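Student: Okay, sequence plus prediction incoming.
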Amino acid sequence: MLKTRIIPCLDVIKNKVVKGVNFKNIKVMGNAVEMARYYSLSGADELCMLDINASYQNRKTFIKTVEAIAKVINIPLTVGGGVSGLDDITDLLNAGADKVSINSAAVKSPKLIRQASLKHGSQCIVVAIDGKRHENKMKVVVKGGREITKKELIVWAKQVQSLGAGEILMTSMDTDGVQNGFDSSMLKKVTSNVSIPVIASGGVGNLEHFYLGHLTKSTGLLAASVFHSGKYKIKSVKKYLKNKGVPVRL
Amino acid sequence: MKKKVIGLIDGQSGNIGSINKAIKEIIKGRPYQLKIIRGEFDSSLFNKIILPGQGAYATLISNLKKLKIYKPLKTYLENNCSYLGICVGMQILSDMGHEEKPTRGLGIIAGEIKKFKSKKLIIPHMGWNSIRLTKEDSIITDNLNNKDFYFVHSYIFQNIKKSNVLANTHYVKKFPSIVKKGNIYGVQFHPEKSHKYGLNLIKNYILKS
């Protein structure tokens, strides 16, 4: 039986894992390579890392960090943040990423999804979608939620699937960073309209939130703070889910 | 003592970094050497060949032909030499693939590669799933039975003879996750991404088979 994936997410600047809401009060949580190694050993099903400040200067160090992480883990690695074109995707895959996540570049130029999936295969192209409610509609947002696009969330989710995305990383900007739980209604809406895997992201604060995330039919559950702060170990989340009858890898 | 030679084929179908790293760790201090195969090769020089693959069946076949790897590989396999195919590297052992366009495979293990069929299924089958052995084997040892491995694929081996199936996996219905014929193995999952049990499997293949 297919297991629900628990995916720690590392927000990275150069080689440090950081925490900060919209670039304010950025706090260093640790060394990215060390944290990645720790999560791989402690039962993470996959690892996600995002370059949250992809400036030209920082990018080189970030790519080196991806290479270093790929060398120390033996679980799948998804890398995103600052991916603007096909060359960026090739660079990250060559650095050892198994999947590359595209966000605003895909919104700006949807054909990038098709080009990337034709070149590298759908299995390694993840489209990250940030959603937010606006005037009673679910919209796609970019720039960390600060810019609301014209795209309707569900229309976009279906479109990225038909363009060849292998997976959707779905973050609700209405719940992200608040630790009050995943955005169940938004996630259900997405999972019921696409047939590719959906990773739920944004809002985990306690164990029950993971279970509620599973109920949205998302096959991956992504979390950052609850793991980085040491509030929960991956094993304890999985044991909790197993007791609830959710298939997990232990 | 003469070192055994392991060939790792780079079919330009996904990154070979992880599998390369795994093999190097396993053979460290042991009488093996690793050679990367990127073009035409003499099949008689290799004791084992590993071919990892991602992406489409048709693409991998066409890459292997372009790189002049296809012919010596086919000869190697027809002589029943030791082989481990991973994901698409396993699928191309079949007679025919139907991804992108119908494409003739290496024809080593009878059967065809077809898409998962079900409207209810989330495709690709992506994530960790367990394998159930159908018989005992030296490389897929008992301690790997019922363990989870990392899968990512939309196509499966169909119309395969039961005798060539070493393990099955369940995703709405069961499908072959490990195939074997003589000294030739194929795994649908990615052992190089499957943490300790994945490494176990690669280690068994290299040291025990």
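Tutor: On my side now, so go ahead. Residues are numbered from 1 along each chain as shown, chains lettered A, B, ... in the order given.

Student: list the helices and strands the longest helix along chain B packs on?
Tutor: The helix spanning the most residues in chain B, taking DSSP state H as the definition, is helix B:195-208. With contacts taken as 3 or more CB pairs under 8 Å, 6 or more residues apart in numbering or on different chains; DSSP states H and E, helix B:195-208 sits against helix B:17-27, strand B:48-53, strand B:148-153. To be clear about C-beta, it is placed using only N, CA and C from the backbone, and glycine gets the same treatment.

Student: secondary structure element for the residue of chain B at minimum distance from chain A?
Tutor: When scored by CB to the nearest CB, chain B has residue B:55 as its residue closest to chain A, at 3.3 Å. Using DSSP states H and E, residue B:55 sits within no helix or strand.

Student: measure it to residue A:196 for me?
Tutor: 16 Å (CB to CB, to the nearest Å).

Student: Next to chain B, which bits of chain A? Give me the list.
Tutor: A:1-5, A:40, A:45, A:70-71, A:74-76, A:93-94, A:96, A:98, A:120-124, A:166-167, A:195-197, A:219-220, A:249 (CB under 8 Å from any CB of the partner chain).

Student: Give the ChimeraX command for selecting the buried subset of those.
Tutor: Entered in ChimeraX, the line below selects the buried ones among these, by 16 or more other CB atoms under 10 Å in any protein chain shown:
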select /A:2,3,4,5,40,45,70,74,75,76,93,96,98,120,121,122,123,124,166,167,195,196,197,219,220,249
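
Student: Strands - which of the residues of chain A next to chain B land there?
Tutor: Applying DSSP state E to the residues of chain A next to chain B, the entries found in strands are A:5, A:167, A:220.

Student: And for residue 149, the neighbour number?
Tutor: Here I'm looking at chain A. Close neighbours of residue A:149, defined as other CB atoms under 10 Å in any protein chain shown, add up to 18.

Student: Not quite, go with chain B.
Tutor: Neighbour number of residue B:149 under other CB under 10 Å is 25.

Student: same thing with residue A:189?
Tutor: So residue A:189, with other CB under 10 Å, has 17 neighbours.

Student: if I look at it, how far off is chain B?
Tutor: Shown here: residue A:189 relative to chain B, a distance of 16 Å by CB to the nearest CB, to the nearest Å.

Student: May I ask which helix or strand encompasses residue 128?
Tutor: If you meant another chain, say so; for now it's chain A. strand A:125-134.

Student: Sorry, I should have been clearer: chain B.
Tutor: strand B:125-130.

Student: tell me the mean pLDDT for that strand?
Tutor: Strand B:125-130 comes out with an average pLDDT of 97.

Student: now that strand, how far from the centre of its chain.
Tutor: 16 Å (CA atoms, centre = their mean, to the nearest Å).

Student: Next, the angle strand B:148-153 makes with that strand.
Tutor: 160 degrees (axes from the mean of the first three to the mean of the last three CA atoms, to 10 degrees).

Student: what's in contact with strand B:125-130?
Tutor: A:1-5, A:45, A:123, A:166-167, A:197, A:219-220, A:249, B:116, B:146-154, B:169-171, B:177, B:189, B:194 (CB atoms under 8 Å, 6 or more residues apart in numbering or on different chains).

Student: swap the cut-off to 7 Å and go again
Tutor: A:1-3, A:5, A:45, A:167, A:197, A:219, A:249, B:116, B:146-153, B:169, B:171 (CB atoms under 7 Å, 6 or more residues apart in numbering or on different chains).

Student: can you name the farthest residue from the center of chain B?
Tutor: In chain B, counting by CA atoms, centre = their mean, residue B:1 sits farthest out from the average C-alpha position, at 28.8 Å.

Student: could you list every residue that touches that one?
Tutor: Contacts for residue B:1 were tallied using CB under 7 Å, 6+ apart; they are residue B:31.

Student: Using the three-state scheme, assign it.
Tutor: What DSSP: H, G, I helix; E, B strand; the rest coil gives for residue B:1 is coil.

Student: which residue sits closest to the residue in chain A that chain B sits nearest to, ignoring its sequence neighbours?
Tutor: Going by CB to the nearest CB, chain B is nearest to residue A:121 of chain A, at 3.3 Å. Spatial nearest neighbour of residue A:121, excluding adjacent residues (CB to CB, 6 or more residues apart in numbering or on different chains): residue B:55 at 3.3 Å.

Student: Next: residue B:121.
Tutor: residue B:172 (5.7 Å).

Student: With residue B:87 instead?
Tutor: residue B:53 (5.3 Å).

Student: circling back to that earlier point, could you tell me the angle between the strand holding residue B:128 and helix B:195-208?
Tutor: 70 degrees.

Student: What strands line up against strand B:125-130, and which way round?
Tutor: If you go by DSSP bridges, strand B:125-130 pairs up with strand B:148-153 (antiparallel).
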